[in-house]
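> When you get a sec, could you give me coordinates for this:
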Amino acid sequence: MILDEPTNGLDPAGIREIRDHLKKLTKEKGMSVIVSSHLLAEMEMMCDRIAIIQNGKLVDIQKVHDFKQESKQKYFFEVAIKNISALKKFNLSYEKVENGIVMEMEKEEVPEMIQWFVEKGIRIFEVKPIAKSLEDRFLEVITQGEKVHA
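Sure, this is the predicted structure:
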């Protein structure tokens with residue numbers, strides 16, 4: 001089945017009903033459903049794979065989960081440090097945000113970073129990944145494609 005903007009003009013209940021029905025068809029009937037849409041947040045909830053077409057050419061096909069993931073990811077560290085500028089002396093790359101800092105790193109580096117904070121006497125209250133949306137990744141891919149084809 002091929003659908004073009006199937007949720008366009010529907011209220012939130014109708015959107016959920018269509019989404020659930022399409023998922024049911026794919027699981028119970030083994031049916032393939034291709035959905036064309038610019039509503040990327042909706043596609044993220046509806047689809048298991050995504051294809052990006054740019055300038056009439058197929059740019060990429062990936063599982064939605066894989067497409068959103070990168071080797072490096074941003075992590076939020078809620079840390080207790082009165083003067084965040086004190087971190088500058090440790091030569092770390094970070095962005096100051098409300099209640100803590102954001103750092104980009106590999107997932108495997110997170111435990112090492114936590115241990116480093118503890119060793120420096122910096123209290124940690126929370127660490128969480130900052131997930132990129134499908135829209136964020138889509139725009140990155142499209143922008144990279146424009147640079148390559150320019």
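> In terms of pLDDT, where does the residue nearest the centre of the chain sit?
The centroid of the chain falls nearest to Lys132 when counting by Cα atoms, centre = their mean (2.3 Å). Note on Lys132: pLDDT of 71.
> Do you have the strands of the protein handy? List them.
2-4, 34-36, 49-54, 57-63, 72-80, 95-97, 100-106, 123-130 (DSSP state E).
> Could you dump those strands into JSON lines and include mean neighbour count and distance to Leu10?
Quick note: C-beta positions are derived from backbone N, CA and C, even for glycine. Output for the strands of the chain, formatted as JSON lines (neighbours: other Cβ atoms under 10 Å; distance: least, Cβ to Cβ, whole Å):
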{"stretch": "strand 2-4", "mean neighbour count": "11", "distance to Leu10": "12"}
{"stretch": "strand 34-36", "mean neighbour count": "14", "distance to Leu10": "13"}
{"stretch": "strand 49-54", "mean neighbour count": "14", "distance to Leu10": "21"}
{"stretch": "strand 57-63", "mean neighbour count": "12", "distance to Leu10": "26"}
{"stretch": "strand 72-80", "mean neighbour count": "17", "distance to Leu10": "33"}
{"stretch": "strand 95-97", "mean neighbour count": "11", "distance to Leu10": "36"}
{"stretch": "strand 100-106", "mean neighbour count": "16", "distance to Leu10": "36"}
{"stretch": "strand 123-130", "mean neighbour count": "12", "distance to Leu10": "30"}
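> Make CSV out of those and add distance to Glu42.
Formatted as CSV, the strands of the chain follow (distance: least, Cβ to Cβ, whole Å):
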stretch, distance to Glu42
strand 2-4, 12
strand 34-36, 9
strand 49-54, 12
strand 57-63, 17
strand 72-80, 23
strand 95-97, 28
strand 100-106, 27
strand 123-130, 21
